[in-house]
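Chemist: Give me the fold of what follows.
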Amino acid sequence: MNYIKLILLLISIAMASCNTKEKSSGSTQDKTVVQANDQIEFIREKYALIERKMASQTYSLIELVNESDAGVITYKRAMDGENIMYAFSSDCDDHGCSQSSYYFWDNKLIFKFDQSSSWVGQSDKISEKRTYYLNETEILCLQRTKTGSGGYDAVNHLLSKVPHDTLKSNSVFDRSSIKAILEFTNDEFKELAIVKKVEDAGYPMFNVTFYFIDRNETETIYLSSEGITSSHPLSALIGKTVMVTYLKKELTNMKRLYGATDEVGEINPEWKRLKGIVQKIEGGSVGDLPDQVTIEAKDGSKIVFDYYIDADMMAYSNKPVTVYYTTSETKDLSSLKLMEEMSATDSEVDTNMETSEYVRNWIYAENDKFIIKVDRFEDRTLRYTSWNKPKEISDSPDLILTGGEVVQQGTGGGYHYIFKNNDWTYTVMDVWMAEQDEDMGIFLYLSNNGEKKLHTKLNNLKIKDSDVQQSSEETTKTKSHYICYKEDTDANTYIWIRFSNGKAKEIKYKGMASTMELVFVKKSENLNPDGSYPVYADYYNEIVDGKVNGVYKLTHSGNYDYAEYIRANDSKTFNFTIDHNANPYGSSPCF
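Modeler: Numbering: from 1, shown residues only. So this is what the prediction gives:
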């Protein structure tokens, strides 16, 4: 049993009951009851806040995953500067999982959620426990269990309807029981990115260009397709959003190598120098990939270089050399995972408490003075956040406003997000249609008691899918499908729309000689929030001669697809419905 396994075993023993810890609080029951009422409300408030900040990536989150034949052990930890806010552990094998989530405030544990699940044959058993703390002493412990069939999701749904049992609670939390979770280190990073281009660099090596969404940067990474985990070929990821998992590593690049008697040639003064002994070389490189050469300095330190070992290099084995080299930071990718295939665990969405809230970002923009974001929570409340530069969004914000309202602007599809702050009004305008291109985009309008104080255009940091589709025409055609629509009030009016990689690309009206480009603008919120399945609409600008000719709202619901078109010059609306008799979703257009 390895060290991590032992620690998790101790944690699972501690989970057995709310009052099995060795220490006792010694406080009276009356005092605990008085304090508990206010503390539980406080805990629920802070729990929701921690969840929101983790969902918006305000806290720094690191993760450690240990996979073995015995199962998968996962640790996570979220920090706000030096303060611990959240910790998580899970131990999963072929027979079930045990998970624990810890929530902290002022570096003290305030809430702990435990869940264990197991399955035998067709039967699943799920147990969960919620423990509330005051000064890291238990004040309330609730537990419930359900056994049933139909799989984990079905039993978990039944569990949500089971009333809690209240357990005796007066023990003090033993922080040493989660020492491994609080102290583990991991240099692994995870970032969402869009794959823009894949270039063959000689199998299995590829140069892959990513657009990293959160930091608004494009970067090309040299990687081996055999060294990463991906359920799809690299070429199939072009234009897709993926979770990139990597380690930051320092890469040493050997520029010159000289033996003890070799004549030293021209040296760049910026190069670093190392004198040492070449460690024993067992054999030359086989194939077309480099091996590694290790050089040990007099002080015992070692530097490893990637080097294609030939006869000349083997001659330096166990001999003194002088090496001139440079260093640079590189990313060692371990996995690429499609965003649409990511589970709730991958996206860090937590539903342990009924008050948990999921955040969706609507606006992310900047100018030379500040950065702003507009986010919407699951309960449909809005939040405005801003950072004065040179701060970044990883820093504490300078202003947070909640309780805003959203107002749709006419028939053009744009929206205004309006927030109040005493006598000040903050209006974020997302303009989708205008007579001039410079009048479209993201704007911030500030007023004080109705008097204009600021009106500025912002740079939109939310990348549009159309900006990153760089696959070849041949690749695009092989991934395309077409939908034929019939106008609702005129059976003789037909259109088809070509889709590629999940987005509409062009449209053609029957009788017209040419197609018109469609440029993706925005995805709506769920239009069917109370239904059994979500319904979303995608908005596109129709481009003719480089200008917006109109706006399409494309909706898929069940077996039907709908297109609503708003013409720019007169705001007239036309509605279309899929023609199921015209080879829907086929690889060729219907006319």
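Chemist: show me the residues around the residue nearest to Thr425 when sequence neighbours are not counted that make contact.
Modeler: Leaving aside its sequence neighbours, Thr425 sits nearest to Ser447 (CB to CB, 6 or more residues apart in numbering; 4.9 Å). C-betas here are computed from N, CA, C, even on glycine. Listed by CB atoms under 8 Å, 6 or more residues apart in numbering, the contact set of Ser447 reads Trp424, Thr425, Thr427, Lys453.
Chemist: Among the residues you listed, which pair sits farthest apart?
Modeler: Thr427 and Lys453 (11.3 Å; CB to CB).
Chemist: residues shared between the contacts of those two?
Modeler: Leu446, Ser447.
Chemist: the more surrounded of these two?
Modeler: In this view Thr427 and Lys453 are compared by other CB atoms under 10 Å, and Thr427 has more residues nearby, 17 against 11.
Chemist: Phe88 reaches Ser101, doesn't it?
Modeler: Yes - the pair Phe88 / Ser101 is scored as a contact, 5.1 Å apart, by CB atoms under 8 Å.
Chemist: just to revisit the earlier point, so which of the contacts of Ser447 is the closest to Asp310?
Modeler: Of all the contacts of Ser447, Thr427 has the smallest distance to Asp310: 67.2 Å, by CB to CB.
Chemist: Quick check: closest non-adjacent residue to that closest one.
Modeler: Thr427 sits nearest to Tyr445 (CB to CB, 6+ apart), 4.3 Å away.
Chemist: What of Leu140?
Modeler: Per CB to CB, 6+ apart, closest to Leu140 is Tyr132, 4.3 Å.
Chemist: So what's the residue count around the nearest residue to Gly71 once chain neighbours are set aside?
Modeler: Nearest non-adjacent residue to Gly71, counting by CB to CB, 6+ apart: Asp93, 3.2 Å away. Asp93 has 14 neighbours, counted by other CB under 10 Å.
Chemist: how much space is there between Asp93 and Trp119?
Modeler: To Trp119, Asp93 is 11 Å away according to CB to CB, to the nearest Å.
Chemist: Check Ser557 too.
Modeler: Distance, Ser557 to Trp119, by CB to CB: 35 Å.
Chemist: what's the closest of the contacts of Ser447 to Asp488?
Modeler: Thr427 (35.3 Å).
Chemist: what helix or strand does that closest one sit in?
Modeler: Assigned by DSSP states H and E, Thr427 belongs to strand 424-431.
Chemist: That strand - contacts with which helices or strands?
Modeler: When contacts are defined as 3 or more CB pairs under 8 Å, 6 or more residues apart in numbering; DSSP states H and E, strand 424-431 sits against strand 359-366, strand 414-421, strand 441-448.
Chemist: Convert the last one to PDB, retaining C-alpha atoms only.
Modeler: Only the C-alpha atoms of strand 441-448 are listed here, as PDB (Å, rounded to 0.1, in the frame of the first residue of the first chain):
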ATOM      1  CA  GLY A 441     -18.700  45.300 -30.500                       C
ATOM      2  CA  ILE A 442     -18.500  45.700 -26.700                       C
ATOM      3  CA  PHE A 443     -18.900  49.200 -25.100                       C
ATOM      4  CA  LEU A 444     -19.000  50.400 -21.500                       C
ATOM      5  CA  TYR A 445     -21.200  53.400 -20.700                       C
ATOM      6  CA  LEU A 446     -20.900  55.000 -17.200                       C
ATOM      7  CA  SER A 447     -23.300  57.700 -15.900                       C
ATOM      8  CA  ASN A 448     -23.800  59.400 -12.600                       C
END
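Chemist: so it versus strand 359-366, what angle?
Modeler: Strand 441-448 runs at 90 degrees relative to strand 359-366, counting by axes from the mean of the first three to the mean of the last three CA atoms, to 10 degrees.
Chemist: I'd like the next helix or strand past strand 441-448.
Modeler: Next along from strand 441-448, by DSSP H and E: strand 451-460.
Chemist: For Ser177, see how far away Leu142 is.
Modeler: For Leu142, the distance to Ser177 equals 20 Å [CB to CB].
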